[in-house]
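In: Return atomic coordinates for the entry below.
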Amino acid sequence: GFAIQEGEMVRIRDIRITGNDKTRDNVIRRELRVVERDMIDSPAIKRSFERLNNLNFFETVEILPKQIAPGEVDLDVKVKEKPTGSFSIGGGFSTLDQFTLIADITEGNLFGRGYLARIRGQVGGRRTLGTITFRNPAIFDTLTSAQADLFSSRTNYLTYLEKKQGANLTFGRGFSEYLTGTFTLVAEKIKITNVDSNANDRIKDQKGTQSTTGFRASLFRDSRDYYLDPRRGTRIGVRTSFGTDTLGGSNNFYSVSFDAMKYTPLPFWDFRHAIRGRFGYGDGFHGSKFPIPEFFYVGGINTVRGFKYGRAGPVTSSNDPEGGNKQIVLNNDLIFPVLPDAKLNGVLFFDYGKGFSQGQSLSLDLRMAAGMEVRWISPFGPLRASFGRPLDGPSKDQKWVFEFSVGSVF
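Out: Residues are numbered from 1 along each chain as shown. Purely as a prediction, here's the structure:
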């Protein structure tokens with residue numbers, strides 16, 4: 001927590017950091033929104049506390065003023081570090097991956113400099129995935145970040161099999177306290193095989209090997225107080241993707257996605273309401289088709305819960321997901337504490353959304369689903385389990401769907 005006494009104008013003489021046996025002082029100082037000789041300012045101290053908490057390096061954070069002379073204080077920043085390195089082996093279930101075995105080696109504060117290093121492997125009934133990630137969140141303690149990713153995956157989408165290898169290089173920049181932009185260079189090689197006879201022509205036409213070279217960019221304003229378990233704040237932004245053969249790839253396309261969410265604390269216990277809306281659209285250009293790897297799949301724990309993966313969008317005659325080039329997704333959550341000390345929350349949700357194929361026009365005739373979810377900020381990272389069902393469509397399709405995932409909520 002933090003404590004500020006309101007009253008006369010008081011200047012900060014010194015900032016003293018304690019408890020950081022591993023984390024370097026500069027990693028903490030670059031998150032503070034006050035410096036020596038500043039006038040003490042409650043909103044800046046509160047924001048400094050939020051930023052240090054969002055690092056996820058510390059069990060507790062305290063920022064306490066200590067008066068040392070009339071009109072002067074020292075600011076004591078006390079942190080209690082927690083383990084930031086982990087080796088975990090676990091399992092999960094989702095309607096895309098089926099039963100999954102996951103192995104993960106992560107160090108979120110490498111050398112005490114705030115670097116992220118991760119090696120992750122996943123083997124499931126329908127997806128095999130390997131990734132290597134390195135991230136420097138503040139190059140030379142500036143507002144610029146850099147991240148490199150290497151990945152290889154094999155995914156059975158039921159109507160086709162996708163094999164993908166590639167690398168991404170991402171640069172980020174903080175433009176203001178809450179506004180951040182990213183720019184990613186993309187190089188991917190994709191192979192589409194085992195195309196089902198029930199698949200549509202857009203999928204059949206892309207059988208074989210293709211490649212994407214291009215970039216992705218995003219701009220987001222994020223004022224959430226705690227990223228892993230927010231009480232209040234908003235996150236609003238846009239993402240764009242471009243692939244072009246001028247850089248050596250075979251795919252020519254663009255896509256744009258808008259994403260907005262808002263968390264509002266409710267006036268009883270620790271209940272919160274969260275609402276999120278997403279819209280996405282993509283297409284090919286220069287006579288090219290919108291590539292399969294960029295398709296939107298609506299349905300599943302990360303879009304419209306209560307539907308199996310991709311089932312709230314275009315499907316084949318045998319009810320297998322096909323994906324589309326447009327999506328609308330709306331999520332409504334009532335979040336409440338179950339075991340606060342264990343960081344375990346319950347959620348009642350109502351979702352509304354649909355994916356659209358290239359032959360379909362956008363409409364507000366969307367699919368609906370409702371259910372419940374459990375979220376746990378575990379020592380190994382955020383865990384989610386949802387249990388929901390569709391509220392529309394044929395009665396034979398209105399069955400309960402259970403899914404489990406590892407990773408942040410949004």
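In: List the neighbouring strands of the least confident helix or strand in the chain by mean pLDDT plus their orientation.
Out: Across the helices and strands of the chain, mean confidence by mean pLDDT, DSSP states H and E is lowest for strand 85-94: a mean of 76. According to DSSP bridges, strand 85-94 forms sheet pairs with strand 98-110 (antiparallel).
In: Let's see the partner strand as PDB, backbone CA atoms only.
Out: Output of strand 98-110 as PDB, limited to C-alpha atoms (Å, rounded to 0.1, in the frame of the first residue of the first chain):
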ATOM      1  CA  GLN A  98      -8.300 -31.100 -26.400                       C
ATOM      2  CA  PHE A  99      -6.200 -32.500 -23.500                       C
ATOM      3  CA  THR A 100      -2.900 -30.800 -23.400                       C
ATOM      4  CA  LEU A 101       0.500 -31.200 -21.700                       C
ATOM      5  CA  ILE A 102       2.400 -28.000 -21.100                       C
ATOM      6  CA  ALA A 103       6.000 -27.500 -20.100                       C
ATOM      7  CA  ASP A 104       7.200 -24.000 -19.400                       C
ATOM      8  CA  ILE A 105      10.500 -22.500 -18.200                       C
ATOM      9  CA  THR A 106      10.200 -18.800 -17.400                       C
ATOM     10  CA  GLU A 107      12.300 -16.100 -15.800                       C
ATOM     11  CA  GLY A 108      10.400 -12.800 -15.500                       C
ATOM     12  CA  ASN A 109      13.200 -10.800 -13.900                       C
ATOM     13  CA  LEU A 110      16.400 -12.200 -15.500                       C
END
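In: Break the protein into its domains for me.
Out: When the chain is parsed with automatic domain parsing, its domains come out as 11-81, 85-406.
In: okay if I get the ones you listed as TSV plus mean neighbour count?
Out: The C-beta positions use only the backbone N, C-alpha and C, and glycine is treated the same way. Formatted as TSV, these follow (neighbours: other Cβ atoms under 10 Å):
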stretch	mean neighbour count
domain 11-81	16
domain 85-406	17
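In: Need the contact partners of the least confident helix or strand of the chain.
Out: Here strand 85-94 makes contact (Cβ atoms under 8 Å, 6 or more residues apart in numbering) with 99-109, 300-301, 309, 379-381, 402-406.
In: In this structure residue 301 contacts residue 384, no?
Out: Yes: here residue 301 lies in contact with residue 384, judged by Cβ atoms under 8 Å, at a distance of 6.5 Å.
In: Now do the shared contacts for those two.
Out: With Cβ under 8 Å, 6+ apart, residue 301 and residue 384 have common neighbours 404-405.
In: now the helices: where do they sit in the stretch 151-300 of the chain?
Out: Using DSSP state H, counting those that start in this stretch, the helices assigned to the stretch 151-300 of the chain run over residues 201-204.
In: which stretches of it aren't confidently modelled?
Out: Within the stretch 151-300 of the chain, no range satisfies pLDDT under 70.
In: can you check the stretch 301-410 of the chain too?
Out: Ranges of the stretch 301-410 of the chain meeting pLDDT under 70: 395-396, 407-410.
In: mind listing the strands for it?
Out: Per DSSP state E, counting those that start in this stretch, the stretch 301-410 of the chain carries strands over the ranges 326-339, 344-356, 367-378, 381-390, 401-406.
In: Reformat those as CSV; add distance to residue 291.
Out: Output for the strands of the stretch 301-410 of the chain, formatted as CSV (distance: least, Cβ to Cβ, whole Å):
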stretch, distance to residue 291
strand 326-339, 15
strand 344-356, 16
strand 367-378, 25
strand 381-390, 29
strand 401-406, 25
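In: Identify all residues paired with residue 283 through a beta bridge.
Out: In beta-bridge terms (that is, DSSP bridges), residue 283 pairs with residue 254.
In: Go ahead and confirm it touches residue 252.
Out: No: with contact defined as Cβ under 8 Å, residue 283 does not count as touching residue 252 (10.0 Å).
In: Tell me which helix or strand comes right after the helix ranked longest in the chain.
Out: Ranked by residue count, the top helix of the chain under DSSP state H comes out as helix 42-54. Following helix 42-54 in sequence order, the next helix or strand is strand 58-69 (DSSP states H and E).
In: now the angle between strand 98-110 and that following strand, please.
Out: 30 degrees (axes from the mean of the first three to the mean of the last three Cα atoms, to 10 degrees).
In: pull the CA atoms of strand 58-69 into CSV?
Out: Taking Å, rounded to 0.1, in the frame of the first residue of the first chain, the C-alpha atoms of strand 58-69 are listed here in CSV:
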residue,chain,number,x,y,z
PHE,A,58,6.9,-8.4,-5.6
GLU,A,59,4.6,-9.9,-3.0
THR,A,60,4.1,-6.5,-1.4
VAL,A,61,4.8,-2.9,-2.3
GLU,A,62,4.8,0.0,0.1
ILE,A,63,5.5,3.7,-0.6
LEU,A,64,5.7,5.6,2.6
PRO,A,65,6.7,9.3,3.2
LYS,A,66,8.9,10.0,6.3
GLN,A,67,9.2,13.6,7.4
ILE,A,68,12.8,14.6,8.0
ALA,A,69,12.4,18.4,8.2
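In: ok, now how distant is residue 131 from residue 102?
Out: Counting by Cβ to Cβ, to the nearest Å, the gap from residue 131 to residue 102 is 11 Å.
In: ok, now residue 304?
Out: 24 Å.
In: Equivalent analysis for residue 193, please.
Out: Distance from residue 193 to residue 102, by Cβ to Cβ: 25 Å.
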